[in-house]
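# Could you work out the structure for the sequence below:
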Amino acid sequence: MSAPGTGASGPAPRRRGRPARTEATVGPGARERILAAARTEFAERGYDKASIRGIARAAGVDPALVHHYFGTKEQVFGAAIEVSFEPALNLPDLLTHGADGIGERFARYFLGIWENPATRAPLIAVIRSAMTHDTAAKVLRGFVLRRMLERVAAELAVPEPRLRAELAASQLVGIAMLRYVVQVEPLSSADPEDIVRMVAPTLQRYLAEV
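Next up, the predicted model:
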């Protein structure tokens with residue numbers, strides 16, 4: 001005689017191992033949930049302490065699915081960086097209007113991304129991770145060089161365009177670090193338009209003057 005709850009009419013025994021492949025865990029939204037969870041994990045725990053297992057748990061998926069979509073933790077971090085910097089990938093559009101005023105357009109667009117709380121939070125998380133872990137710094141550096149600065153440099157009709165693009169980026173990243181991450185005063189509370197006005201001539205010189 002079967003024990004109570006184990007016969008044909010009783011509930012099936014719980015099976016251990018990989019969760020069931022339901023629409024919630026492998027459906028079209030799973031990849032986006034993993035990316036969102038990864039950004040949160042890297043923001044709250046930093047690159048070193050974040051883990052594939054923790055990202056999977058936060059996304060409600062099996063860790064194997066994270067590996068399936070992204071591979072290693074380094075690759076997950078790279079994907080999170082790309083999503084975080086997605087608004088900034090429109091930078092070449094700023095260059096199609098010619099050299100006149102490019103410094104001001106560049107500065108205003110960059111600060112606009114950081115002034116928006118929705119885009120600022122993941123950017124701060126990315127930079128903090130890069131400051132504390134060599135692998136995260138390498139991934140961020142490769143992304144910035146490959147996806148952003150090389151695209152900007154390709155549009156510049158000036159000598160040494162790659163160097164000039166890097167100089168412009170260093171100016172803006174330095175401002176972002178002091179204003180939004182370290183929060184040094186009076187820069188932290190300065191009016192964004194005042195910053196644009198002061199920084200634009202330097203950027204103009206880097207990006208346009210022959």
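
# need the contact list for Y206.
103, 164-165, 167-168, 171 (CB atoms under 8 Å, 6 or more residues apart in numbering). The way it works is simple: take the backbone N, C-alpha and C, and place the C-beta from them, glycine included.

# Which single one of those is nearest to V83?
Nearest to V83 among those is A165, at 22.5 Å by CB to CB.

# What lies in contact with the host helix or strand of that closest one?
Per DSSP states H and E: A165 is located in helix 161-176. Identification of contacts with helix 161-176 by CB under 8 Å, 6+ apart yields 106-107, 110-111, 114, 123, 127, 144, 148-150, 152-154, 156, 158, 187, 195, 199, 202-203, 206-207.

# Narrow those residues to those that are buried.
106-107, 110-111, 114, 123, 127, 144, 148-149, 152-153, 156, 195, 199, 203, 206-207 (16 or more other CB atoms under 10 Å).

# which ones among the residues you listed are found in helices?
106-107, 110-111, 114, 123, 127, 152-153, 195, 199, 203, 206-207 (DSSP state H).

# Nearest to V181 among these?
For those, the minimum distance to V181 (CB to CB) is 6.0 Å, reached by I127.

# quick one: contacts for the closest one?
By CB under 8 Å, 6+ apart, I127 lies in contact with 140, 176-177, 181.

# if I look at it, how far off is T40?
Remark: distance between I127 and T40 (CB to CB, to the nearest Å) = 16 Å.

# got it, and R141?
For R141, the distance to T40 - CB to CB - is 23 Å.

# again, but for G54
Taking CB to CB, one finds G54 at 10 Å from T40.

# L207 touches I102, doesn't it?
Yes: judged on CB atoms under 8 Å, L207 makes contact with I102 at a distance of 5.1 Å.

# related to what we said a few turns ago, please convert the buried members of the contacts of Y206 into PyMOL selection syntax.
Filtering the contacts of Y206 down to the buried ones (16+ other CB under 10 Å) takes a single PyMOL command:
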select buried, resi 103+164+165+168+171
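
# Now tabulate the contacts of Y206 in JSON lines and tack on distance to L65.
Listed next are these as JSON lines, based on distance: CB to CB, whole Å:
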{"residue": "G103", "distance to L65": "45"}
{"residue": "R164", "distance to L65": "43"}
{"residue": "A165", "distance to L65": "38"}
{"residue": "L167", "distance to L65": "42"}
{"residue": "A168", "distance to L65": "40"}
{"residue": "Q171", "distance to L65": "41"}
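
# Among the contacts of Y206, which one lies nearest to A30?
Distances from A30 to those, taken by CB to CB, are shortest for A165, at 36.5 Å.

# how does the protein divide into domains?
Here the domain parsing of the chain from automatic domain parsing is 25-72, 85-208.

# ranking those by mean pLDDT, which is last?
When the domains of the chain are ranked by mean pLDDT, domain 85-208 comes last with a mean of 83.

# Noted, bye for now.
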